[in-house]
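Participant: Okay, sequence plus prediction incoming.
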Amino acid sequence: MLSLIWRAGKRGVLELKDLPLRAAVALGASGMGQPARPIQLFKAYGIVLPIGLMAWWAMPQITLVATPSIAAWVIYKAPGTIQTGDLVSFTLSDPIAGPKPVSVTKYALCLPGERITMVERASAVSETFDGWYYCNDRLLGISKPYARDGRPLIHWQPSGDIIPAGMVFVGSSSPDGFDSRYYGPVAIGRLTRMEKLL
């Protein structure tokens, strides 16, 4: 046991002796035992620091999209008023989406003041009804009776025929998307307008 401690201590002393040489290499020396060349270090800083600062600024601005229902891989926050067809991101809290709130990205499909209609039709896959959602007579999507894991889905029932002020019906072209067909319109204040980068 003592010999292990002795060897570890000896190794530590040798590494401390090499510390000035390692520092010289870090400062731009061409190798161990060569004189430091600080100008090399400053050149490296001139390249690395701007890239690091740009990444530090850009990372919070972009979002990676992990769903096939949106035709984008990378999106970024974009100022402006939300229009029909715009990408929007928001936080969703729903047992179907998972035990914790998740960030989701959808399209703004029906805006405040537009006419929303839902027609129930017999489901092709069960003995229940599907909801067919229309905005100004344009089909937005059809609800499903069950989630992919078999849990029953309840489709949203509009209380009127107009999207209320301050609300947006969101969704995608995916028949499996979990969107306003199930939880209704989302408050504009919760939405962040996004644009496609990739």
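Facilitator: Arrived safely, thanks for sending.
Participant: Please make it C-alpha for all contacts and neighbour counts, starting now.
Facilitator: OK.
Participant: give me the number of residues near residue 62?
Facilitator: As a burial measure, residue 62 scores 17 neighbours (other Cα atoms under 10 Å).
Participant: Confirm for me that it is in contact with residue 75.
Facilitator: Yes: assessed by Cα atoms under 8 Å, residue 62 is found in contact with residue 75 at 5.6 Å.
Participant: Residue 132 and residue 121 touch, don't they?
Facilitator: Yes: in this structure, residue 132 is within contact of residue 121 by Cα under 8 Å, at 7.4 Å.
Participant: Show me what counts as buried in the lengthiest strand in the chain.
Facilitator: Secondary structure of the chain per DSSP state E: the longest strand is strand 102-110. Neighbour-count burial for strand 102-110, counted by 16 or more other Cα atoms under 10 Å, picks out 104, 105, 106, 107, 108, 109, 110.
Participant: which strands and helices sit next to it?
Facilitator: strand 87-92, strand 167-171 (3 or more Cα pairs under 8 Å, 6 or more residues apart in numbering; DSSP states H and E).
Participant: buried residues in the first one?
Facilitator: Going back to what we said before, that points to strand 87-92. By 16+ other Cα under 10 Å, the buried positions in strand 87-92 come out as 87, 88, 89, 90, 92.
Participant: Just the C-alphas of it, formatted as CSV.
Facilitator: Coordinates of the C-alpha atoms in strand 87-92 are reproduced here as CSV (Å, rounded to 0.1, in the frame of the first residue of the first chain):
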residue,chain,number,x,y,z
LEU,A,87,-44.2,27.6,-38.2
VAL,A,88,-44.9,28.1,-34.5
SER,A,89,-43.3,26.6,-31.4
PHE,A,90,-44.8,26.3,-27.9
THR,A,91,-44.6,24.2,-24.8
LEU,A,92,-47.3,21.4,-24.6
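Participant: who's in contact with stretch 142-160?
Facilitator: 116-118, 123, 126, 128-133, 175-176, 180-184 (Cα atoms under 8 Å, 6 or more residues apart in numbering).
Participant: and the end-to-end length of that stretch?
Facilitator: Using Cα to Cα, to the nearest Å, one end of stretch 142-160 lies 18 Å from the other.
Participant: Could you do stretch 49-65 as well?
Facilitator: The straight-line separation of the ends of stretch 49-65 (Cα to Cα) is 28 Å.
Participant: average pLDDT for it?
Facilitator: Confidence for stretch 49-65, expressed as mean pLDDT, is 73.
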